[in-house]
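J.: Any chance you can model this:
(2 chains)
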Amino acid sequence: MRYIKIVLFFFCLLNIFNLVFDISLVGAEPIVIKVFELPDPRKTDAYTKANIAVIEAFKKKYPDIELRSFSGIKIDGMDLDSGPLMAIAGGVAPDIMYVNFRQSDTYIQNNFLYPLDEFMAREESEVFDLRVEKPVWQVIKRKKKGDSEEKVWMLPYETLVRVLMYRKDVFKRAGLDPNQAPRNWQEFKEYAQILSDPGNGNYGTILASGPQAAYDWLPFLWAAGGDAVQYDQEKELWEATFASQAGVTAMEFYLELTTSEWEDANGRRQNGFAIREGDWGYMWKDGKIGMRMDYLSQQNMSGEYDPNLYGFAPSPAGPSGKGGSEINCRMMGIFSEAGISNNAGLGDRDPKEVREAAWKYIKFYDSEEARQIRLKIMIENGYGRMQNPVFLKRYGYEEYLRYAPAGWLETFQTAMREGTPEPYGDNCQKVYEFMTYPLDELIKLDLNGSLGVSKEERRKAIFSVLKEAEQRTNEEMIGTIPEEVKIKRERIAGIIAALIILTFAFTLWRVWKILTPEASVRTKKNNKYLFYITILLAPAVISILMWKYIPMISGSLMAVQDFKLVGDSQFIGVGNLAEVLFDPTWWASVGRTLYYMSLSLGLGFFPPIILAILLQEVSHGKLFYRVIYYLPAVISGVIVIYLWKLLYSPSDSGVLNQILMSIGLPKSMWIRDESIAMLCVVLPGIWAGMGPGSLIYLAALKNIPNDMYEAADIDGAGFFAKVWHIVLPSLKGLIIIQFIAAFIIAAQSSDFILIMTFGGPNEATRVADLLIFEKAYLYLKFGLATTMAWLLSLLMMGFTILQIKYISKMEFRTAKGDDK
Amino acid sequence: MSIIGKVGRKSIRVRILNSSIHLVLIIGALTMIYPFLLMISFSFKSNVDSTSLHLIPAFIYNDEALYKKYIESRYNEESSRLMDNYPGSWISFSEVSLPDSPNQKIYQEWNKFLTANPPSPYHYYVAEHYGRGIYPYAQRIFRKELRKENDNSLIEFNQKYNTGAQSWEEIVVEEKDIYRRNFVSSKTGYLGRFREFKEETPLWMRYFVNPEGTFINSELIPEYGDDIASFNQANGSNYSKWSDIPIPRSVPEIGDLLRDKWIHYTKRVINIRHLGISLEAEQYFQNMLAEKYNEITTLNKTWKSNFTDFSNISIPDPIPDSGAMVEDLAYFIQNVALPEHLYLNSITNEFRDFLVNKFKTINELNSTLNTNYASFKDITFPTENIDYYNFEERKSAIRKEFLWRNYAMALDQMLSDARSLQNTAIYVMLAIFLAITVNPLAAYALSRFKPRFSYQIILLFMLTMAFPAMVMGIPNFLMLKNLSLLNTFWALVLPAAADGYFIFLLKGFFDSLPRELYESASLDGAGEFRLFWQFTLYLSKPILAVIALGAFNAAYRNFLFAFLVCQDQSMWTLMVHIYELMQRASSGVGYAALVIAALPTLGVFIFFQNIIIEGIVIPMEK
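T.: This next block holds a predicted model:
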């Protein structure tokens, strides 16, 4: 007893000690916040050094805040804007998020940003006057849908305008005045023509291509007096408006730059004065291109561009009399669930403290103090001349002013005055994509010469293409659908929904029936075992309820909601279904899934059966062959995919290409070739599945009684006759059940495709399963994704019934023993 | 037991059949094995030999192939640095060949020269320090030092240097274009720490900046094309190689072909630390400053200096790393200084001075070193000899390095950067443990005690098979999120712990165990626990092994789900890590990682093949 008391006493002492110790630790422990980005130690440029100095100053000022940088995982091939969304879903989002204009709406509507007003109220308003240029306010301070008042959601830390940048040396070489940039469209086109010499790889300017190509059309649209999207104050709605007369004018000019025919010095016919494909980044550095649009930064002006070599000028003025400069900002916002849902690896944090610390960082990062630090470091590293003259003056570096390149500040100010913010309305992170559809189509039409000859004709043709695209944008991006269309769609969706519910109910009912034993179950008096039974069954039952039944119910609910990760989800009935049913991308992906399934079943289902027969019949080396064919099963799927990716390398040095070329065939692009990409994706699975797949048949083959063959021998049957009349009939049941299983598995192919192509090239392998994955985890449209999953499952339900029916009829035996 | 009967084994038709079966199987077997061998072979390769399909990498037996790889790694995979040091001869690493007539004596003189005159960090790069997606030797050493200094804590490192490194992989300094005007070597912070490391490297771990080669590459070759004949024609000379052209130390005479190029190069391109400035220039510099600052106090404020008068200002030697003074000096050199004020202070020039001092006459030098230079001026940068003898002296170490380094990086990544190997081990063990407890226990309860609600429970389990798997994924994920289980092991194992189908299978198996055994054992007084432990589990060992193997495989191979629920780097599993690694590592490292990841499953197959073969469950019609 005494011992126990002593032990207890010490125990208490220890506890008290611990408590005290803990408290002292808590007091000293800094609050950790995760920032989307901190300076990369690998970079040695002056701007990185300047930012390192800013972080250092921040830490000196706030020693109780510890900064960590965000480290997420990314998918090869996904677009940049969706990385943070996946991190939010995955619980690893940073506390301070990076926001740009086009993403801002997605973030605000999904409740991912915490309003900054309460923090800003504490500061003097002039702090923000300096930091936020006038045109930027409309972007950062606005209403969330359903809110009554405007709030500030994010603050810029770098303000940019996209202006005309040109190479003075290239201008000089072509006989142009290196200090005079083109001022209007007419001059811009003339200059571009003078600078263009495609025969020698010289081009006037760059116009982007690819799915975001419209990025380079937008400046012309603005300069012509139009806009991509506009806000209707009365209806409180965004609208796509690029199919205007200004839009047509801008498109005419864009087409002139890209398609107009002319003859170069060598008498060859050329189209346009711009390079759209190819490695133009390198060509620009190499002085092969004269002009491009690029960003001029308020904080850093041109960064490290040498003013002797590069000139900046306002974007050339269009018919509206002004240039179409894009205003953009790098911005920071506080993640609304900072300290709540993103604490992975950081322990428990107090959300309020996290937000306070985050605000301190946001405030400091572009404060006057931070600007002075940056300026000082930039000057020390020899970039004094390239800094913003306003800052140089303000912070006492007047002696650098006279070296400042002429016109940069004016360019910045002009562009800021005339410019338009990058589209930031509903879903605008997709705006370039939607505007590129008509762009690509019109270029194609124009090159075919089918746009018409007279100006009138052309304008009409352009307008009709733009109008159609505008409608599509309104419908699919912004989501404004005419009322009558909406009602019709919802009716159809209602019917389909009823169909899904009925089919699923029928499936459950059939399965229930199949599994219910025919004879009544013999019951036993087993009350004395009830305790054991409960203990033994509990883990499995709880687990099944928790991870199967509850998700089943919540998954069904999600399909009728506009599900939101943060904040309340709205009930929208068949809205999701109506959207999916009339989404061409969805049906295209379902088509691809069917194609994938038919390829993988058609090519992959029979080889294991044939292999099993061959392995059974081969006279020597059975074990040897068996091991070799089993080898691919030894490595896991991910490794198989990478192994094949190596073989598929599309360059001349790719393994398969080297083999093809060595036997005199042309090389192939393999997974980059749209027409065979799907086949390439299917093949590795077949390759790896053949050996292991054959084992089950091999085992079943052993169970065929020998006398059947002997009887056939007596009848004089040959090898193939025996296969046909004895082997296949005996394996029938197994083959059917294997086929059903293979069918159900084949519908789920996303992990292989994710690694192999991520839906590319040009969506050729974007199967339904992958689309669901993207919608859910990359765009966080969980409601829509669940609806899609339900629709796809409708396909499988019949097979599920069959599968369970067969399983219940079968008896399962393990294959014991070898045929030694 | 075979389709081909025992009768007629020797008939021609059967023989043909037999050999065609063999043929088909052999062709198939080749397509099965070849990719594996390629994978292993590629795991030893780097960029320069990644295109060859030889299954045994050539560098193992061939010196030239090894030399190519060494040069590639030595020049940090920067072909422009190779071009600087071998102007006009090689433009890519695949063209590198062993030198025809290396001269060891020159190499020794070079080393003596360096020992006597330690070069500044503006004169050399750290060799074998970086590459595309690989950790070369010097990088590993540097990182090891920093890890040690920071107690292996990246957080501590970031705190110390104010950076946001996310993994140790980022701890490397890629110094590029040291010869260019904009390059600054820093003495403070993390870059200062790198400089310390750089200055301590042994001679073989450095390669040198050759401003003369850069001159040829950036000023001459673009104008005259790759052909030296056109230069010779214009210049009236007869050099056989571009690298033989000596670049004058001071500005060439007016009328000399090189004059304009030399002026452009010294005034605008080359880093000012490779320039010498004559004393006459000082006056011009002072004037420029006086004009710029007007008052000496303004200058002192900006320069943080305390000069009393502009005439006291002199041009410092060596030139400091950064500061307002350096910027003014750079401006001076570019815009004010006369060409005659400048001279090219390349390392080759210093080497020539060293040789002049040592040998006095060129004949003396030629006879000692077995060379035949016409004058000291003709001595060029001995890059061939330096590279070759560095290689010769460390050949076997280099070979070992290339066999090892891809694996070293892959293992370092898996063990320390993301700890994915450890994570996978824990995950697999948890998954196996749950699989052989949760399902068998439930099945046993149902089979042994036959509770009244037995079939309802089985229905509860089996009905889940009708739930569309695709629909389940998303709510499962969101449930884990709401329970704050994301980025924990629970997220990986809990949703898959119980499986209705397995319980069904197991129940069938337990049902088939002889009932009499239980009855007699009960009669002998065995308790329920003993019955379960000693009889049931003992008899079900094979099926439990199958389930354990299945759980192992499912866990080890799990990619997509693990990718979604464990995005945090500290929780990556091996497959997720490989996916991530493949995006940034070089292909050699990627394949080394694949080989490593294939080993556990291969081991399992070798040790448990009987269980795998015997454990195949065949459905049979009742």
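J.: ok, the nearest residue to residue B:226 once chain neighbours are set aside to chain A distance?
T.: Once flanking residues are discounted, residue B:226 sits nearest to residue B:88: 7.1 Å by CB to CB, 6 or more residues apart in numbering or on different chains. Backbone N, C-alpha and C define where each C-beta goes, glycine included. Residue B:88 sits 20 Å away from chain A, going by CB to the nearest CB, to the nearest Å.
J.: go on, residue B:295?
T.: In terms of CB to the nearest CB, residue B:295 sits 11 Å off from chain A.
J.: residue ranges with poor pLDDT in chain A?
T.: A:1-28, A:79-80, A:299-304, A:518-527, A:811-820 (pLDDT under 70).
J.: what's around the closest residue to chain B within it, how many residues?
T.: For chain A and chain B, the shortest gap (CB to the nearest CB) falls at residue A:38, measuring 2.3 Å. Residue A:38 has 20 neighbouring residues, counting by other CB atoms under 10 Å in any protein chain shown.
J.: That one and residue A:69 touch, don't they?
T.: Yes - between residue A:38 and residue A:69 there is a contact at 4.1 Å, judged by CB atoms under 8 Å.
J.: what about the helices in the stretch 1-150 of chain A?
T.: Using DSSP state H, counting those that start in this stretch, the helices of the stretch 1-150 of chain A run over A:2-28, A:46-61, A:83-89, A:101-109, A:117-120, A:125-131, A:137-140.
J.: swap in the stretch 551-700 of chain A?
T.: Going by DSSP H, counting those that start in this stretch, the stretch 551-700 of chain A shows helices at A:575-581, A:584-604, A:607-617, A:622-634, A:637-647, A:655-662, A:677-702.
J.: One more: the stretch 251-400 of chain A?
T.: Counting by DSSP H, counting those that start in this stretch, the helices of the stretch 251-400 of chain A are A:280-285, A:351-365, A:368-380, A:389-394.
J.: ok, now the stretch 101-250 of chain B?
T.: So, for the stretch 101-250 of chain B - with DSSP H, counting those that start in this stretch - the helices run B:104-116, B:137-149, B:154-161, B:189-200, B:211-215, B:221-224, B:228-235.
J.: ok, of the ones you listed, where does mean pLDDT dip lowest?
T.: The minimum mean pLDDT among the helices of the stretch 101-250 of chain B belongs to helix B:221-224 (a mean of 81).
J.: Could you check that one and say which residues are buried?
T.: B:221, B:224 (16 or more other CB atoms under 10 Å in any protein chain shown).
J.: Overlap of the contact sets of residue A:38 and residue A:69?
T.: By CB atoms under 8 Å, 6 or more residues apart in numbering or on different chains, residue A:38 and residue A:69 have these common neighbours: B:158, B:164.
J.: Is whichever residue of the stretch 1-150 of chain B sits closest to chain A in a helix, a strand, or coil?
T.: As assessed by CB to the nearest CB, chain A sits closest to residue B:51 within the stretch 1-150 of chain B, at 3.4 Å. Following DSSP: H, G, I helix; E, B strand; the rest coil, the label given to residue B:51 is coil.
J.: hmm, back to that, so which of the helices of the stretch 101-250 of chain B gets nearest residue A:155?
T.: Set against residue A:155 and scored by CB to CB, these come closest in helix B:154-161, at 24.2 Å.
J.: packing partners for the strand or helix carrying residue B:66?
T.: Assigned by DSSP states H and E, residue B:66 belongs to helix B:63-74. Helix B:63-74 is packed against helix B:383-393, helix B:395-412, with contacts defined by 3 or more CB pairs under 8 Å, 6 or more residues apart in numbering or on different chains; DSSP states H and E.
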